[in-house]
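# Sequence and computational prediction follow.
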Amino acid sequence: MTHNELKELALKVRENIVRLSTDGGCFTGASLSCADLFVFLYSRFLSVSPENLEDPNRDYLFLSKGHDVPALYGLFAEIGFIEKSRLDNHLKTSDSIYWHPNTKIPGVEFHSGSLGHLPSVAMGVALDCKWKNQTNKVVVVTGDGELNEGSVWEAALVAAAYKLDNLIWIVDRNYFQANVATEELIPLNSIKEKFETFGWNAVDVDGHDFEKLDDTFSTLPLGNKKPTIVVAHTVRGKGLPSIERRADRWFCNFTHEEVNALLEELHENKMAELNSETLVVR
Amino acid sequence: MNYEQSITELALADERYVIMTAENRALIRNIPNNPLLVNRFIDTGITEQTMIGMAAGLALRGRVPIVHALAAFLTMRAFEFIRTDVGIANLPVKLTGFIPGFLSDGNGPTHQAIEDVSIMRGIPGMHVFAPADEEDMLLMLPEIWHSKAPSYTRANLIKPLYQHDKNFTIGKSEVVAEGTTVTFLTYGMLFNQVFEARQLLEQQGLSVGLVNMRCLKPVDEEVILKVARESDLIVTVEDHFKIGGLFSIVAEVLLNHQQLANVQSLSLNERWFKPGRLADVLGNEGFTPEKIAVQTMNMLETRQHVNTLTTSTH
């Protein structure tokens, strides 16, 4: 896929996220920040597809910041993991499309929602892959706010101790956690330096620039006896200037009119006028 | 045979088994030096949560992790990881809790796992085992480890007083003796104390039953209902808080089956126990054979008294 094709796919994923942001809503802002990352990973980096989901040699992606699942499902619906019509089942008990990932959805490797869990789960998988001399990659995606959790730092210590050099931890560094800016609450900078002192390979990248993502992910020092962390710098709400970088637009439950206006906004028309409730917490 | 020999035999025969610890090697001290097993031994350091998360990841890949830590930290420090990663996914992760209940003797309340049965059995699909002594544990372990269910086992290295029924089945208790006056239901390290208490009471001419509740979940409902029908008094004896342990289990079973019974509890009621050497702890808390027997006699006398009062008012 060319970079332009990736951009087109990312636009479709964003449309799906916006469509999920009504009738109960979802974590719109956080999902938009990692939409480009998921598009990149599943299109260019990971060897995983609807055809090899049972293959132990597939690459794994564990989504630890579970509230970003609209970005994952929004992509899965576009690349054949799930029928696109299933997104219409959002929040219906007849299906399993709810605010956090679960393994009833093909392509979801493990459920999440409670933060700070999947780094260690991914480490168990990575260790087993190494024991079996497999060369597949194991990716775990966390948020930046998620790094408040102590279990994350346990995992960082242990992964380095066990030299899990097939493990790639991606931080969706959007500088917000729920309705607060990370640096105003529990400052995290510099994540790269923190992990370097923990014995990791660490690299910063623009999480919205496919060219730079290509450069970074094609040159990761995998297999050098260290786990690798990629701090992907992103913008919460990316693609919708009316909610970009807004602390009060984490969880969004828009009216149908607002959704239509936001879909137009995605296509670079005028900013949507939003009156629905802000600072929603779920 | 001991725990370590048992786990070694199992793991050598089946490479799915992985032996993990959060830096507690008391039960598996030679495994790291076994060249055949060192590649399936993982010590994550003092990180109970990460150990459980990794165990879940290994189980996703078809492994069966047997994980070790002090019972208090395993079941409580890592509780949400057990519930969320092992429980929700129903993965075959085998938890072994070291020094549960009174076995934490001199450590103090930080190390007292006396709510472990309560919180572990609250997880859907989780099995809970509490062998009476080392021999009981060793005869139970193969079935526990071969089962597909996640489970929690209270490790118990106490030497046996009684030769146990070798036919252990998950979901079944061990009826040691039947009795019509009083029947003890107990589990874990208190089994020996209750075994001797029963002998003291039998010497007084009472008909005393004893059941080893080695499997607390799934629990042997049939035996509880039978004892409730055939014995005038049931006494549950446990090194656990009164809330959530065997006393609660018995109450739940009786309520579910709408059966009445006179049930009394010897347990830790809303309190941690005073730390010390194990024998002193048992004496101080009232769990020596003599003290169990005396408390039981008092229960029976009170009951007799109540019965007399009830009869005289008719």
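Sure, I can see it. Numbering: from 1, shown residues only, chains lettered A, B, ... in the order given.

# could you show me where the helices are in the stretch 51-200 of chain B, in order?
B:71-72, B:79-81, B:116-121, B:134-146, B:191-203 (DSSP state H, counting those that start in this stretch).

# by contact count, what packs against the fourth one?
The contact analysis (3 or more C-beta pairs under 8 Å, 6 or more residues apart in numbering or on different chains; DSSP states H and E) places helix B:134-146 against helix B:3-13, strand B:127-129, strand B:151-154. Quick note: C-beta positions are derived from backbone N, CA and C, even for glycine.

# What are the buried residues along the first one?
This points to helix B:3-13. Using 16 or more other C-beta atoms under 10 Å in any protein chain shown as the test for burial, helix B:3-13 gives B:3, B:4, B:6, B:7, B:8, B:10, B:11.

# Report the entries of these that also contact chain A.
For chain A, no contacts are drawn from those by C-beta under 8 Å from any C-beta of the partner chain.

# would a markdown table of the residues you listed with pLDDT be doable?
Listed next are these as a markdown table, based on pLDDT from 0 to 100:
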| residue | pLDDT |
| --- | --- |
| B:3 | 98 |
| B:4 | 97 |
| B:6 | 97 |
| B:7 | 98 |
| B:8 | 97 |
| B:10 | 97 |
| B:11 | 97 |
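
# if we take those residues, which one ends up nearest to chain A?
The nearest member of those to chain A, counting by C-beta to the nearest C-beta, is residue B:11 at 13.5 Å.

# How about the residue in the stretch 201-314 of chain B positioned nearest to chain A, nearest residue that isn't a chain neighbour?
Chain A sits closest to residue B:244 of the stretch 201-314 of chain B, with a gap of 22.8 Å, by C-beta to the nearest C-beta. By the measure of C-beta to C-beta, 6 or more residues apart in numbering or on different chains, the closest residue to residue B:244 outside its immediate chain neighbours is residue B:118, 2.6 Å from it.

# Then residue A:81?
Spatial nearest neighbour of residue A:81, excluding adjacent residues (C-beta to C-beta, 6+ apart): residue A:107 at 4.0 Å.

# Output the set of residues of chain A in proximity to chain B.
A:56, A:103, A:109-111, A:114, A:116-129, A:131, A:150-151, A:154-155, A:157-158, A:161-162.

# how about a cut-off of 6 Å?
For chain A, the residues in contact with chain B (C-beta under 6 Å from any C-beta of the partner chain) are A:114, A:117, A:120, A:121, A:123, A:124, A:125, A:128, A:151, A:154, A:155, A:158.

# biggest separation within those, which pair?
Greatest spacing in the residues of chain A next to chain B, by C-beta to C-beta: A:114 and A:128 (22.6 Å).

# Compare those two (neighbour count), which wins?
Higher neighbour count among residue A:114 and residue A:128: residue A:128, with 21 against 18, using other C-beta atoms under 10 Å in any protein chain shown.

# any idea how far chain B is from residue A:189?
Per C-beta to the nearest C-beta, to the nearest Å, residue A:189 is found 24 Å from chain B.

# and that residue, how many neighbours?
13.

# and residue 99, what pLDDT?
You didn't say which chain, so I picked chain A. Looking at residue A:99, its pLDDT is 97.

# Wait, chain B was what I had in mind.
Turning to residue B:99, the model gives it a pLDDT of 98.

# For residue B:114, list the residues it contacts.
For residue B:114, the contact set (C-beta atoms under 6 Å, 6 or more residues apart in numbering or on different chains) comprises B:101, B:240, B:241, B:268.

# For those residues, pick the one with the most neighbours.
For those, neighbours were counted using other C-beta under 10 Å, and residue B:240 has the most, 31 neighbours in all.

# Wait, a helix at that one?
No: read with DSSP: H, G, I helix; E, B strand; the rest coil, residue B:240 is strand and lies in no helix.

# mind checking how far residue A:111 is from residue A:105?
10 Å (C-beta to C-beta, to the nearest Å).

# can you tell me which residues contact residue B:195?
By C-beta under 6 Å, 6+ apart, the neighbours of residue B:195 are B:161, B:162.

# And it, what's its pLDDT?
On pLDDT, residue B:195 comes in at 98.

# ditto for the one 3 residues further on
Confidence at residue B:198, expressed as pLDDT, is 98.

# neighbour-wise, which of residue A:111 and residue A:105 wins?
More crowded of residue A:111 and residue A:105, by other C-beta under 10 Å: residue A:111, with 22 against 19.

# you'd agree that one is up against residue A:102?
Yes: look at residue A:111 against residue A:102 with C-beta atoms under 6 Å: they come within range, at 4.5 Å.

# just to revisit the earlier point, between the helices of the stretch 51-200 of chain B, which one is closest to residue B:157.
That would be helix B:134-146 among those, by C-beta to C-beta, at 5.0 Å.

# The closest one versus helix B:3-13: what angle between them?
Angle of helix B:134-146 versus helix B:3-13, following axes from the mean of the first three to the mean of the last three C-alpha atoms, to 10 degrees, is 30 degrees.

# Now find how far off-centre helix B:134-146 is within its chain.
Distance of helix B:134-146 from its chain centroid, counting by C-alpha atoms, centre = their mean, to the nearest Å, is 13 Å.

# Check stretch B:133-149 too.
12 Å.

# and if you look at stretch B:126-140?
In terms of C-alpha atoms, centre = their mean, the centre of stretch B:126-140 is found 7 Å from the chain centre.

# Please apply the same query to stretch B:70-85.
With C-alpha atoms, centre = their mean, you get 16 Å for stretch B:70-85.

# and it with chain A, contact?
Yes: if you take C-beta under 6 Å from any C-beta as the test, stretch B:70-85 does meet chain A, through B:84, B:85.

# Name the residues that touch that stretch?
Stretch B:70-85 has contacts (C-beta under 6 Å, 6+ apart) with A:114, A:117, B:24, B:48-49, B:52-53, B:56, B:95, B:97-100, B:111, B:113, B:116, B:119-120, B:123.

# ok, of those, which come out buried?
By neighbour count, with 16+ other C-beta under 10 Å, those hold A:114, A:117, B:24, B:48-49, B:52-53, B:56, B:95, B:97-100, B:111, B:113, B:116, B:119-120, B:123 as buried.

# Need the residue closest to the centroid of chain B.
Computing the C-alpha centroid of chain B and ranking residues by C-alpha atoms, centre = their mean puts residue B:130 first, at 2.4 Å.

# what pLDDT does that one get?
The model reports residue B:130 with a pLDDT of 98.

# For chain A, what's the nearest residue on chain B?
For chain B, C-beta to the nearest C-beta, closest residue to chain A: residue B:57, 2.2 Å.

# residue contacts, that residue?
Residue B:57 is in contact with A:121, A:124, A:125, counting by C-beta under 6 Å, 6+ apart.

# And the pLDDT at it?
Listed pLDDT for residue B:57 reads 98.

# Relative to residue B:176, how far out is it?
41 Å.

# So the residue in the stretch 101-250 of chain A that chain B sits nearest to: helix, strand or coil?
Here the stretch 101-250 of chain A gets closest to chain B at one residue, residue A:124, 2.2 Å apart by C-beta to the nearest C-beta. The local conformation at residue A:124, judged by three-state DSSP, is helix.

# cool, the one 10 residues further on as well?
Here residue A:134 is coil, with the state taken from three-state DSSP.

# Identify the residues contacting it.
Each residue near residue A:134 by C-beta under 6 Å, 6+ apart is listed here: residue A:57.

# Show me where the stretch 201-314 of chain B has its helices.
Under DSSP H, counting those that start in this stretch, the stretch 201-314 of chain B gives helices at B:221-230, B:246-256, B:278-285, B:289-313.
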